[in-house]
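Engineer: next come a sequence and a model predicted from it.
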Amino acid sequence: MGDFNMDMRSILPLLILCATPMFGKTGTSQTKSNVRWTAQALYNAAADADPAQVMPFLEDHLELERRYFALAAEKTELLAEVNALQLQVTMSALAQENKSLRKQLSDILGEDHESLRPDQNLGAGTDACSVPPQSIDIDEVQCEQLGIQSTPSCVGKHVQRASFSMVEKCKTDLCNAMEKWAIADMTDGHIVGQGYGCKVSTASNENSGESVCFYADGPAPPIARKALSATLSSSIGAQISTPSPVPDAGPPATEWSSSDLDDKKEFVKGMMVHAWKGYKDHAWGKNELSPRSRKGLAGGLFGKDMGSTIVDSLDTLHIMGMTEELGEARAWVESSLNFNSNENVSVFEAVIRFLGGLLSAFALTRDEMYLTKAEELADRLMPAFDTPTGVPWAQINLQTGKGSTWSWAPKGMAILSELGTVQLEMEFLSDVTGNDKYRKAATNTIDAILNKAARPSDGLFSNYFDPLTGSWGQRDTSLGPYGDSFYEYLLKIWVYHGGHRTKDQKASVVRFGQNMTSMRETYDTTMHAVRTHLHAKAPHPHSETMFVSDYKSGKQTPVMWHLACFAGGMYALSGVTAPNASLAAAYRDDAASVTQTCRDMYSSQPTGLGPESAEFTSGGHKIKDSRYILRPETVESYFYLWRTTHDPKYRDWAWEAVLAIQKHCKCGSGYCGIKDVTAVPVVQDDVMQSFFLAETLKYLYLIFTDDSVFPLTEWVFNTEAHPLPVRNGMSWEQRWAT
């Protein structure tokens, strides 16, 4: 190394430069080791050189080297922290997308509080927010940008960034920061969820902080979008797509992309998968599932062990592409569904759930087995129509054929919604079998109501009808319990016969001695009476609220039922099929108003779910029956309003309902109703209604599909959401051919 002495100043920087890449990305301990190695190597290389020349130069460079690697180590640690935060977001997105992680996600977001892991338990002594991850500081400007009043409750506080999936446990901290907090999950970098006011208990003080409510993906008002996006991005170290506001907090959201819609459909399908698996594992062949107890419910209105959930779910399984599950269901129907039952069943429930479910499965698959089962059931129901008026008994023993009325009905009366909700299924069965006896039975029923019995001067139908004398009972009228689907079928039987067609196709809609134009006139006349006497308005903090009241003993009562929320969808369908422009506009207005009211009954509750009934007063509405039992009527109206207006807010509202149901109703091995929509955490019941699979999940799935999936000009849904193809005045041989 004799020549090294004269070239040390030029070679030493090169040696340092070449050594640096060896440890540029290593951790702290490895960096220190490499620094020591570099120093030793350079001292060894300079052993034969003049120390007076080499050492000052070497020490200067080694000091710079030490500083470099100290900074590199700090950078590595900071990157590790950023990567950890980014990983949290990535893992959440993957959990939403990856089917293999779906169960873990469900455990976090959807299980009832008794089944949460210990670190998620809601009981005393556990504080999930005690050691919060990074937070979002909110200053006065950001409060103003986000629509929050500049008050001490906001300024200087912070929102726990990672509290979204455990918002119940972090609610106190969130409320200290913002007057309205968000139920949200991270999905593909988007925040999805719904906001509710922390201090909201009634509609009268609902308006506090209502701008802070973000969900889904799509544009938000520019100022709010900028503030929220910048704040979140600075907190998590990754750009997050901007969520959109709820519809009443700003302009309507734009339509989602096709991939977004596919994600929403897959999410709802995942709910169906969970519900079906729970039923299959714990209640197979029983009528319904007790998800918390993980056992089957055998009895009810359907007979013992009749598998109502299986039959009710056939078309939902088909629509969602659950081929394996549909095969299992079909096998059970073929081998085990037996109508030779020596017990009373509800004629109404047997028609809408069993007959409707089997006929819809036949229409979708052309599988003759389903049609054979439907005929067998209908034949066993026929003795129920053997009354002096032709109006069916409420119950029938499927084995003996003996009919009876409900013991709780006044003076042995039949119920309007039950006797008026058989026509669609019976007509379709006659059309596809060629046996006219089913149609005749249904026609005799509707004829007894519309033509033979005298109607009151106000034009309203009573909820009660005597099947023996053909006279009306007490003067009670409702679009809720005891009345609802009678009005629905007045319209839908007209639609089934081709009433909902383009103008050049409406030359003649007369079939089997029934003038269908007259049926439409009957419907419009009846609904004029309903709209005159049952529609009411109550003051609201922002505007008047239109609701559908009950009529008791000839007087209006200010109560609206969840069941009556189907009327929004009925009015929407009425509007697109109305005989003139003015009537169409009136129906459209009523559809929007009723659906808005039903949505308000959801969004004003801390659970985001609507009650069984509410009473409307000058202060808004107050809850009468606080239960939510997985009912479909509100989301049914969202579906019809979306299909007839294409206003994206109805898809937004449907997604709100999806998230609320997933959060509060998922329980044990399925989904449960909740006992009080005004209380969080919720107390759940232990019943997964078969209509949850047949109706609620189906409508929530279909609202995110294209209009070509069950177009309303070609299909009509029975009151249990079982789709049947519109006849359009053709024989079924012709209809099948097209």
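Structural biologist: Ah, there it is.
Engineer: between the two ends of stretch 609-617, how far is it?
Structural biologist: Distance between the two ends of stretch 609-617: 20 Å, counting by CA to CA, to the nearest Å.
Engineer: over to stretch 333-351?
Structural biologist: Stretch 333-351 has an end-to-end distance of 16 Å (CA to CA).
Engineer: in that stretch, which residues are buried?
Structural biologist: Neighbour counts using 16 or more other CB atoms under 10 Å place 333, 337, 339, 341, 344, 345, 346, 347, 348, 349, 350, 351 of stretch 333-351 among the buried residues. All C-beta spots, glycine's among them, are computed from the backbone N, C-alpha and C.
Engineer: ok, so of those, who is nearest residue 275?
Structural biologist: Nearest to residue 275 among the buried residues of stretch 333-351 is residue 333, at 18.4 Å by CB to CB.
Engineer: ok so that closest one is a strand residue?
Structural biologist: No. Under DSSP: H, G, I helix; E, B strand; the rest coil, residue 333 sits outside any strand and is assigned helix.
Engineer: identify the residues contacting it.
Structural biologist: Residue 333 sits next to 307, 310, 311, 314, 358, 369, 370, 373 when contact means CB atoms under 8 Å, 6 or more residues apart in numbering.
Engineer: state the phi and psi torsions of the closest residue to residue 444 other than its chain neighbours.
Structural biologist: Spatial nearest neighbour of residue 444, excluding adjacent residues (CB to CB, 6 or more residues apart in numbering): residue 390 at 3.4 Å. Here is the backbone geometry of residue 390 (degrees, to the nearest 10): phi 90, psi -10.
Engineer: surely residue 390 is in contact with residue 451?
Structural biologist: No. At 11.4 Å, residue 390 does not count as touching residue 451 under the criterion of CB atoms under 8 Å.
Engineer: between those two, which is the more surrounded one?
Structural biologist: Applying other CB atoms under 10 Å to residue 390 and residue 451 shows that residue 390 carries more neighbours, namely 21 against 8.
Engineer: tell me the contacts of the residue lying closest to residue 395 once chain neighbours are set aside?
Structural biologist: Distances taken as CB to CB, 6+ apart place residue 344 nearest to residue 395, at 4.3 Å, with adjacent residues excluded. By CB under 8 Å, 6+ apart, the contact set of residue 344 is 395, 396, 397, 404.
Engineer: quick check: residue 344 vs residue 573, distance?
Structural biologist: Distance, residue 344 to residue 573, using CB to CB, to the nearest Å: 34 Å.
Engineer: go on, residue 548?
Structural biologist: Distance of residue 548 to residue 573, computed by CB to CB: 16 Å.
Engineer: which one of those two is surrounded by more residues?
Structural biologist: Between residue 548 and residue 573, counting by other CB under 10 Å, residue 548 is the more crowded of the two (28 against 23).
Engineer: ok, the more buried one touching residue 567?
Structural biologist: Yes. Contact criterion CB under 8 Å: residue 548 and residue 567 qualify, at 5.6 Å.
Engineer: what do those two both touch?
Structural biologist: Each of 479, 594 lies in contact with both residue 548 and residue 567 under the rule CB under 8 Å, 6+ apart.
Engineer: on that earlier part again, just the buried ones from the contacts of residue 344, in PyMOL syntax?
Structural biologist: Those of the contacts of residue 344 that count as buried under 16+ other CB under 10 Å are selected in PyMOL with:
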select buried, resi 395+396+397
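Engineer: just the contacts of residue 344 now: which is nearest residue 657?
Structural biologist: For these, the nearest to residue 657 is residue 395 (33.6 Å; CB to CB).
Engineer: which ones are touching the closest one?
Structural biologist: Residues in contact with residue 395, defined by CB under 8 Å, 6+ apart, are 344, 345, 346, 347, 384, 403, 404, 405, 406.
Engineer: related to what we said a few turns ago, farthest-apart pair in the contacts of residue 333, please.
Structural biologist: Pairwise distances across those (CB to CB) peak at 14.7 Å, for the pair 307 and 369.
Engineer: these two: who's more crowded?
Structural biologist: residue 307 (26 against 14).
Engineer: count of neighbours near the closest residue to that one other than its chain neighbours?
Structural biologist: Spatially, and ignoring its direct neighbours in sequence, residue 307 is nearest to residue 285 (5.2 Å; CB to CB, 6+ apart). Residues near residue 285, counting by other CB under 10 Å, number 16.
Engineer: do residue 399 as well
Structural biologist: For residue 399, the count of nearby residues is 13 (other CB under 10 Å).
Engineer: for residue 476, see how far away it is.
Structural biologist: Using CB to CB, residue 399 is found at 34 Å from residue 476.
Engineer: residue 615 now?
Structural biologist: Residue 615 sits 17 Å away from residue 476, going by CB to CB.
Engineer: residue 559 too?
Structural biologist: Residue 559 sits 12 Å away from residue 476, going by CB to CB.
Engineer: for residue 464, same thing?
Structural biologist: From residue 464 over to residue 476 the distance is 7 Å, taken as CB to CB.
Engineer: what of residue 282?
Structural biologist: Separation of residue 282 from residue 476 (CB to CB): 40 Å.
Engineer: any low-confidence regions in the protein?
Structural biologist: 1-70, 72-255, 500-517, 540-543, 619, 728-738 (pLDDT under 70).
Engineer: just to revisit the earlier point, need the residues touching each of residue 559 and residue 476.
Structural biologist: Common contact partners of residue 559 and residue 476 (CB under 8 Å, 6+ apart): residue 550.
Engineer: buried ones in stretch 375-395?
Structural biologist: Using 16+ other CB under 10 Å as the test for burial, stretch 375-395 gives 375, 377-378, 380-381, 383-385, 387, 389-395.
Engineer: ok, now stretch 524-536?
Structural biologist: For stretch 524-536, the neighbour count (16+ other CB under 10 Å) marks 524, 526, 527, 529, 530, 533, 534, 535, 536 as buried.
Engineer: which SS state does residue 614 fall under?
Structural biologist: Counting by three-state DSSP, the backbone at residue 614 sits in strand.
Engineer: for residue 637, see how far away it is.
Structural biologist: To residue 637, residue 614 is 16 Å away according to CB to CB.
Engineer: same deal with residue 492?
Structural biologist: On the measure of CB to CB, residue 492 and residue 637 end up 15 Å apart.
Engineer: now residue 554
Structural biologist: 28 Å.
Engineer: those two: which has the busier surroundings?
Structural biologist: Per other CB under 10 Å, whichever of residue 554 and residue 637 has more neighbours is residue 637, with 28 against 13.
Engineer: what sits against the closest residue to that one other than its chain neighbours?
Structural biologist: The spatial neighbour of residue 637 that comes closest, neighbours along the chain excluded (CB to CB, 6+ apart), is residue 568 at 3.2 Å. Residue 568 makes contact with 591, 592, 594, 595, 598, 634, 637, 640, 641, according to CB under 8 Å, 6+ apart.
Engineer: do residue 287 as well
Structural biologist: 296-300, 302-309, 690.
Engineer: with secondary structure and distance to residue 327 added, can I get those residues in CSV?
Structural biologist: Below are the contacts of residue 287 laid out as CSV (DSSP: H, G, I helix; E, B strand; the rest coil; distance: CB to CB, whole Å):
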residue, secondary structure, distance to residue 327
296, strand, 21
297, strand, 24
298, coil, 24
299, coil, 28
300, coil, 26
302, coil, 23
303, coil, 25
304, coil, 25
305, coil, 21
306, coil, 20
307, coil, 15
308, helix, 19
309, helix, 16
690, helix, 19
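Engineer: would JSON lines of those residues with distance to residue 659 be doable?
Structural biologist: Converted to JSON lines, the contacts of residue 287 look like this (distance: CB to CB, whole Å):
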{"residue": "296", "distance to residue 659": "29"}
{"residue": "297", "distance to residue 659": "27"}
{"residue": "298", "distance to residue 659": "33"}
{"residue": "299", "distance to residue 659": "33"}
{"residue": "300", "distance to residue 659": "30"}
{"residue": "302", "distance to residue 659": "31"}
{"residue": "303", "distance to residue 659": "36"}
{"residue": "304", "distance to residue 659": "36"}
{"residue": "305", "distance to residue 659": "35"}
{"residue": "306", "distance to residue 659": "33"}
{"residue": "307", "distance to residue 659": "31"}
{"residue": "308", "distance to residue 659": "28"}
{"residue": "309", "distance to residue 659": "24"}
{"residue": "690", "distance to residue 659": "23"}
